[in-house]
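S.K.: here is a sequence together with a model predicted from it:
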Amino acid sequence: MPTSAIPDTLTHEFLAFAHGLADASGAILRENLHSRRGFESKDDDSPVTDTDKHVEETLRTLIRHRYPEHGLLGEEFDGQNLDAEYVWVIDPIDGTKAFITGIPIYGTLIALARRGEPIVGIIDHPVTNDRWAGARGQPSTFNGQRIHSRQCASLSSALISCSNPEPFGPREREAFETLRGAVKWCVYGSSCYAYGCVASGTIDIAIDCGRHREVDYCALVPVIEGAGGMITDWEGRPLTIHSGNRLIAAGSPERHAEALRILAGA
């Protein structure tokens, strides 16, 4: 059975369970809203806190209890059963630096991939009470209401976002600067919130590169596609749990294609 042929009842079941996972992670993050946020540095020099680990451990326990045959791929612990047909992909805190410093632009990313393709996604920001949800073949929602991405008229009028250009290599930085020069203006530092905004139609393009991996982008795919947008790697290939670390999303296929041409020609 191809990925797109999953019965609607099963998709609804998975999405409802993902909402329950987001409820659980959100409760932990709200409990730690004003706590002292000590951290350790991982091998790639990115930070990790006890709260990151607590959230991921909690979600892993819930998944193992409900779907013991499913795989698990998370940010902070080793993957499990990654050859399974269904694999849950978790980033307990997307925006850990913001969490540590008390800036409330951080969230939890929860995705379910089938045969490597993301089919369910949740972008949850518990501090701001904002949640985007998407599932293959269904319209995406923001706080329970259906959403649509914006069909921006031209690249010159587009609003774009980049979480952080620091990890870009020289080639990627040149391409990004060329794209940035072709749009109206750019915002920085919003992490996964910006991709939710692409789905909601308030940002036209979001682009990142460097330290991003499958836990950072799998949840974004169903949300953006279900709102009418597009999200791929910089070569225009669909994102799977096996993709690289370069991603670009746009609210319309036209602006996405135009941005890809600029990235390729820079």
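M.R.: Everything's here; your move.
S.K.: angles on the backbone of K97, please.
M.R.: Phi and psi for K97, reported as degrees, to the nearest 10, are phi -60, psi -40.
S.K.: likewise for the one 10 residues further on?
M.R.: The main-chain torsion angles of G107 are listed as degrees, to the nearest 10 and equal phi -160, psi -180.
S.K.: list the contacts for it?
M.R.: By Cβ atoms under 8 Å, 6 or more residues apart in numbering, the contact set of G107 is I93, D94, G95, I123, D124, H125, P126, D130, S191, C192, Y193. C-beta: built from backbone N, CA, C; applies to glycine.
S.K.: once you drop chain neighbours, what's closest to it?
M.R.: H125 (4.0 Å; Cβ to Cβ, 6 or more residues apart in numbering).
S.K.: that neighbour pairs with what?
M.R.: Applying DSSP bridges to H125 gives these bridge partners: D130.
S.K.: burial of it, as a residue count?
M.R.: Look at H125: counted by other Cβ atoms under 10 Å, it has 23 neighbours.
S.K.: can you read off the pLDDT for it?
M.R.: On pLDDT, H125 comes in at 97.
S.K.: so where is the stretch 101-250 of the chain shaky, pLDDT-wise?
M.R.: Within the stretch 101-250 of the chain, the segments meeting pLDDT under 70 span 211-212.
S.K.: try 90
M.R.: Within the stretch 101-250 of the chain, the stretches with pLDDT under 90 are 101-105, 166-167, 210-213, 244.
S.K.: can you map out the helices along it?
M.R.: Using DSSP state H, counting those that start in this stretch, the helices of the stretch 101-250 of the chain run over 170-182, 192-200, 214-217, 220-226.
S.K.: buried residues in the last one?
M.R.: By neighbour count, and taking 16 or more other Cβ atoms under 10 Å as the criterion, the buried residues in helix 220-226 are L220, V221, P222, V223, I224, E225, G226.
S.K.: check contacts around the fifth one.
M.R.: Right, I224. G134, S140, S149, Y195, V198, A199, M230, I231, A249.
S.K.: ok so, going back, let's have the contacts of G107 in a markdown table, adding distance to E85.
M.R.: What follows is these, written out as a markdown table (distance: Cβ to Cβ, whole Å):
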| residue | distance to E85 |
| --- | --- |
| I93 | 28 |
| D94 | 25 |
| G95 | 30 |
| I123 | 24 |
| D124 | 25 |
| H125 | 30 |
| P126 | 30 |
| D130 | 31 |
| S191 | 30 |
| C192 | 26 |
| Y193 | 31 |
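S.K.: which of those ranks first by neighbour count?
M.R.: I123 leads those on contacts (other Cβ under 10 Å) with 31 neighbours.
S.K.: any idea how far that one is from S252?
M.R.: 20 Å (Cβ to Cβ, to the nearest Å).
S.K.: same question for G196.
M.R.: 17 Å.
S.K.: who has more neighbours out of these two?
M.R.: Between G196 and S252, counting by other Cβ under 10 Å, G196 is the more crowded of the two (29 against 19).
S.K.: what residues are up against the closest residue to that one other than its chain neighbours?
M.R.: Once flanking residues are discounted, G196 sits nearest to W132: 4.3 Å by Cβ to Cβ, 6+ apart. Neighbouring residues of W132 by Cβ under 8 Å, 6+ apart: G121, I122, I123, D124, S140, T141, F142, I147, G196, A199, S200, V223.
S.K.: ok, now I103?
M.R.: Applying Cβ under 8 Å, 6+ apart to I103 gives no contacts.
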